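Visitor: coords please:
(chains A and B)
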Amino acid sequence: MPPKRKNDSIVKVEDVGMDVDTVIDSGSEEEARKRTKNRRAKPQRKAKRVSDDEEDDEDEDEAPRKRGRKKKARPRDSDEDEEEDKRSVKSKGSKASRRKAAKDESDEESEEEPDKRKKGGRATSKKEKEEQNKEKKGGNGKGKERESKGGEKNKKKKNGKLSSSSSSSSEGDEDSLSEGEIAALKEQVEEKKKLIATLRNKPWRMKRRLVMLKEAQEFVEKFEGALGKGKGRKLYAYKVMMTKKFIKFKRDFENFKTACIPWERKIKEVESHFGSSVASYFIFLRWMYGLNLVLFGFMFGLVVLPEVLMGLPYGSIARKTVPRAEQDSAMDFSVLFDFGGYCKYSFLFYGYYNNERTIGLLQFRLPLSYLLVGVGIFGYSLMVVIRTMARNANEGGDGGDEGEFTFSWKMFTSWDYLIGNPETADNKYASITTSFKESIVDEQENQKDENIHLRRFLRVLANVMILCCLGGSGYLIYFVVKRSQEFAEMDNDDLSWFEKNEVEFVMSLLGLVCPPLFETIAELEDYHPRIALKWQLGRIFALFLGNLYTFLFALFDEVTAKLEREKSIKNATEWALNQYYANYSSFYNTTNVPPPDVHPSDVVRGPCWETGVGIEFVKLIVSDVQVSYLTILIGDFARAVIVRFLNYCWCWDLEAGFPSYGEFDISGNVLGLVFNQGMIWMGAFYAPGLVGLNVLRLLTSMYYQCWAVMACNVPHERVFKASRSNNFYMGLLLLVLFLSLLPVVYTIMTLPPSFDCGPFSGQEKMYDVVMETIDQDLPAFIGNIFTYATNPGLIMPAVLLMVLAIYYLNTVSKGYQQANLDLKRKMQMARDEEKNRRNNKDSTNEVMKDLEDLLPNKSLIPPPIEEEPPPDVVVEKNSKSTKTKPGSAGKGVNLQKEVSLAAPNPRGPVTRAPGARGRPPGNPRGPQPGPGRGRGRGAPPRY
Amino acid sequence: MGNKQTIFTDEQLDAYQVRLVCVFYSRLHGRYHELAPHLVPMDYTNEPDCKLPLALIVNMPELKENPFRNRIVESFSEDGMGNLSFNEFVDMFSVLSEMAPRELKAIYAFKIYDFNVDNYLCKEDLEKTLNKLTKEELTPEEVQLVCEKAIEEADLDGDNKLSFADFENMITRAPDFLR
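Guide: Numbers count the residues shown, from 1 in each chain, chains lettered A, B, ... in the order given. Down below sits the predicted model:
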């Protein structure tokens, strides 16, 4: 503070009527203290009146003086720090309540104090301040203490602000305090502590706060010591330290938790530049990675590892050996790349696994485990998908903002004040801009209203067109597949290249042409981009189902063919074996026939259709990876490079013009991911290694695509907010899961397993493994239970019950939804009403204040700062306002009653609204506070 | 009472106070000092009257990247020009610290966003805020839209600007505001 204030100090000191000797040192400080005192005095008094009866003796001395002080000081206040005053007024309501809370807690200071002290030095200095203050008070009442304190204070002041020679000199004197004095002291100490606790919440300048604090703290410190409570100090200090440490730890832990979420940073980075819609794909990808990791764990932990560790080694039996004919080329890269050769006879595929019931020391039942894991993968995925969907549904919302203050919150709270790193700051800017853009798009959609009929017509038209496209491509696929079946029966040499690859050709053509076509047609519909994305996803999904259909079709053809071949081979081997046994026994004339001594690679073997299917899936996945990575490399990276560098020497602007940079194709990528997962689910049973492969794929594509997006793509033209729940993606995934469940279960339940490969060889059906286990290894009663449970008579009612339960739950959830909607509407209404009311200046707050004024207990509200209009004026205004209401005077009178006596009555504002509107036009809203406030203020006298 | 000295000696009391006050103050003072070693005396016992200009404080790493840095410093300075005395400096850090209560932060946030210091957030304030937040990446129409919407959302008394009551009402419900 400027030094000139020093001159005032003496005058002010006299104003305050305090012991002058305390004030020698700095005028500014003294003044600040005075100010603070004023401020403090008001609320404190009020608070005291409520609860502290014990304090009477002290208080009565002080109250008048404080009041006097307040009055004197107020004018000065108003010149000197108007704005502060305003601030404090504004926040008074909250302050008052806070103070009350503080009072309540005052018994358990131990809680509060660490709080104060957390602040570090601030808190301590606060204490000092408080103490001084106290001293003054105490000084009045108790002459004995006064001297010592005064002296001490001087000393302290001399030591400067930071001094802390708190209680050294005075301690001796205090020993001789009487009991009554001690009690009074205690009160004061409590009070000061409260002050310390709440001081931080006060919007004062630091200087004032410091002074206050110092006084209070010194007091507390000294007299706590005097009262023998001081031993708490160590504990406090300890607690403060611990709280600090705890907070820091908490923050570190949060950081650690965030750091533990894989790729969180990458995704946030993408999100800040490309919007949440693109980020939603990556989040989905990450989720998928997690799921696959678990599946991988199951598969490897329960199937692959046991077989590799405890099963027979490679080359011991036929199914684990490369046949003689293939051995020459088994290590060729081209063969391995097609998953032939050594790959085919490795643990990656179904055929490798032995059908021994138990393996190893642990008696691990591998076939049973294989089947259970195969089915369990589906069960687990189903559970996880559904659970995630349910949880997401709780979070709710289709991504639209529901909050009341979307834009305000974005504007005022989006910046993170902890950012200190330029790069982070840039990202934050980008993300704020993006999120604003997202909200703007939403808002524009809300505001858009045009010809509804035209739009409806266009939407129907678009849907018809797309349905035609879908139907056409569906028929095309069907036709092509049919033809290919015909071709398959013809001789291979007669066919041209095109005829041989017709199906693939048509499929890729459709995949290439249809999505952009759909997108173009979808522009007719003019949906919000978020909804448009969903439609697009659904449509392309339907198209891709054709892909799936052809693929499965081809696969089943292959399987049936292989099954037939296998049957003949099986017969032949059996016949050969019989022959061998017959010959052997007749030749050596013994029944003890050793098994034929054939090298495993020479054994005649079946085609093993399961391995064939597994290979198909693995190949598909690998080629899919290749294609998608190449697409990114060429379609995004090469394009970006060309656009970027050829732009210098080209005749038109490449960046703004035709090729431009690519946008991230959300729908395509999401669907790619979904169908890829479908393939994994289907193929995992036949190729246990597939899951591991997929984990690798997801891992690489995470990094690769993140890089590609950040490096080569530009944000969408209309960045839109993704739906918060990702549930649409999940829904698609669920559908695919179900679709892929069908063929697998079908094969498990109906097709006979190969006779010479895989864990189920020798069984009639794959699930016989389970039956066998139940029969042989489990106690009999479980088998009985199982038979009962599989009884149709029991299953039918169970299904019925489930259907009923679903129906019931569905109804209930609909009811809740309805209730939710109603509540939302009510909230909206309430908000509008409140707004209305405030516009009419009969704000609820105002009325509430009046209500509180009426109550004897005034502690809750701060004293009104602005002068209240005198009552008569109020009445006049009231009557005026009612008079001006056209033809509704009676209503107006009723209204007033309602307002003044029953503020929360929600009907009040509604009835009043027309009145307000009825006021003379040209009367702007601004001047209206007069009547409104007046009406509110008028209430007390009436009461 | 009589046994107080045995429990707690004066030296200990002193030590606590000195330590807590000094750690906090000297650390902050150190920061303050190193901003302008030639202006700020190391010895603060007799409250020298010195202020640091805005340009120096804005360059502290804590504020350097903040789009509102100038406003922050200005709203904490008594003269409104961004010159901070040491006490104001301490003030600023205490409000910005994570321990500061919500209400206090709301008050100062309001001050910060109130660019033209009229105790209301009017449209120009919001526009400035928005442009600082987005580095002026939004088109003027978008800025317009956002500001209108923000006022419409938070303005409860219908005067087309946000008073502190409006602001507090809005900001205390914000999920991101000091959780």
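
Visitor: where exactly do the strands run in chain B?
Guide: B:51-52, B:84-85 (DSSP state E).

Visitor: Nearest to chain A, out of those?
Guide: Relative to chain A, the nearest member of these by C-beta to the nearest C-beta is strand B:84-85, separated by 8.0 Å. In this view, the C-beta of every residue, glycine as well, is placed from N, C-alpha and C.

Visitor: Show me what the closest one is packed up against.
Guide: strand B:51-52 (3 or more C-beta pairs under 8 Å, 6 or more residues apart in numbering or on different chains; DSSP states H and E).

Visitor: Each with direction, which strands does the strand it packs on pair with?
Guide: Here strand B:51-52 is paired, per DSSP bridges, with strand B:84-85 (antiparallel).

Visitor: So which residues make contact with the helix or strand harbouring A:Ser628?
Guide: Secondary structure from DSSP states H and E places A:Ser628 in helix A:609-631. Residues from elsewhere that reach helix A:609-631, judged by C-beta atoms under 8 Å, 6 or more residues apart in numbering or on different chains: A:338-340, A:344, A:348-351, A:551, A:555, A:558-559, A:562-563, A:566, A:672, A:676, A:679-680, A:682-683, A:686-687, A:689-690, A:693-694, A:697, A:701, A:704, A:753-754, A:757-758.

Visitor: For A:Leu418, grab the count of nearby residues.
Guide: Residues lying near A:Leu418 (other C-beta atoms under 10 Å in any protein chain shown) number 13.

Visitor: Quick one: mean pLDDT over whichever strand or helix holds A:Gly793.
Guide: Taking DSSP H and E as the criterion, A:Gly793 maps to helix A:792-839. Summarised as a single mean, pLDDT over helix A:792-839 is 88.

Visitor: Any idea which helix or strand in chain B has the lowest mean pLDDT?
Guide: When the helices and strands of chain B are compared on mean pLDDT, DSSP states H and E, helix B:4-7 comes out lowest with a mean of 36.

Visitor: beta partners of the residue lying closest to A:Glu717 once chain neighbours are set aside?
Guide: Spatially, and ignoring its direct neighbours in sequence, A:Glu717 is nearest to A:Glu663 (7.9 Å; C-beta to C-beta, 6 or more residues apart in numbering or on different chains). A:Glu663 forms beta bridges with A:Val714, as assigned by DSSP bridges.

Visitor: residue contacts, A:Glu663?
Guide: Counted by C-beta under 8 Å, 6+ apart, A:Glu663 has contacts A:713-717.

Visitor: Most neighbours of all these, which one?
Guide: Counting by other C-beta under 10 Å, top hit in the contacts of A:Glu663: A:Asn713 with 23 neighbours.

Visitor: Verify the stated contact: that one with A:Asp665.
Guide: No. When contacts are counted by C-beta atoms under 8 Å, A:Asn713 is not listed as touching A:Asp665 (9.2 Å).

Visitor: Low-confidence bits of the stretch 651-800 of chain A, can you list those?
Guide: In the predicted model of the stretch 651-800 of chain A, residues A:724-725 satisfy pLDDT under 70.

Visitor: So which bits of stretch A:376-386 are buried?
Guide: A:377-378, A:381, A:384-385 (16 or more other C-beta atoms under 10 Å in any protein chain shown).

Visitor: coming back round to it: from the contact counts, what lies against the helix holding A:Gly793?
Guide: helix A:844-854, helix A:907-918.

Visitor: my read is A:Tyr581 is in a helix, agree?
Guide: Yes. Assessed by DSSP: H, G, I helix; E, B strand; the rest coil, A:Tyr581 belongs to a helix.

Visitor: Could you see whether chain A lies near stretch B:160-168?
Guide: Yes. Under the criterion of C-beta under 8 Å from any C-beta of the partner chain, stretch B:160-168 makes contact with chain A via B:164-165, B:167-168.

Visitor: Start and end of that stretch, how far apart?
Guide: 16 Å (C-alpha to C-alpha, to the nearest Å).

Visitor: same question for it, mean pLDDT?
Guide: 82.

Visitor: Quick one: distance of it to the chain centre.
Guide: 19 Å (C-alpha atoms, centre = their mean, to the nearest Å).

Visitor: Name the residues of that stretch that come out as buried.
Guide: The neighbour-count criterion (16+ other C-beta under 10 Å) identifies B:161-168 as the buried residues of stretch B:160-168.

Visitor: so which of these comes closest to chain A?
Guide: For these, the nearest to chain A is B:Phe164 (4.7 Å; C-beta to the nearest C-beta).

Visitor: just the helices in chain B please.
Guide: B:4-7, B:10-35, B:54-58, B:61-64, B:69-76, B:86-96, B:102-113, B:123-134, B:140-154, B:164-171 (DSSP state H).

Visitor: Averaged pLDDT, the helix or strand that contains A:Phe436. What do you get?
Guide: Using DSSP H and E, A:Phe436 maps to helix A:422-447. Helix A:422-447 shows a mean pLDDT of 82.

Visitor: what packs against the following helix or strand past that helix?
Guide: Using DSSP H and E, the helix or strand that follows helix A:422-447 towards the C-terminus is helix A:452-489. If contacts are counted by 3+ C-beta pairs under 8 Å, 6+ apart, helix A:452-489 sits against helix A:502-525, helix A:529-588.

Visitor: tell me the angle the longest one makes with helix A:502-525.
Guide: For the pair helix A:529-588 and helix A:502-525, the angle between their directions (axes from the mean of the first three to the mean of the last three C-alpha atoms, to 10 degrees) equals 160 degrees.

Visitor: Test my guess that A:Arg605 contacts A:Arg319.
Guide: Yes. Using C-beta under 8 Å as the test, A:Arg605 is close enough to A:Arg319 to be in contact (7.4 Å).
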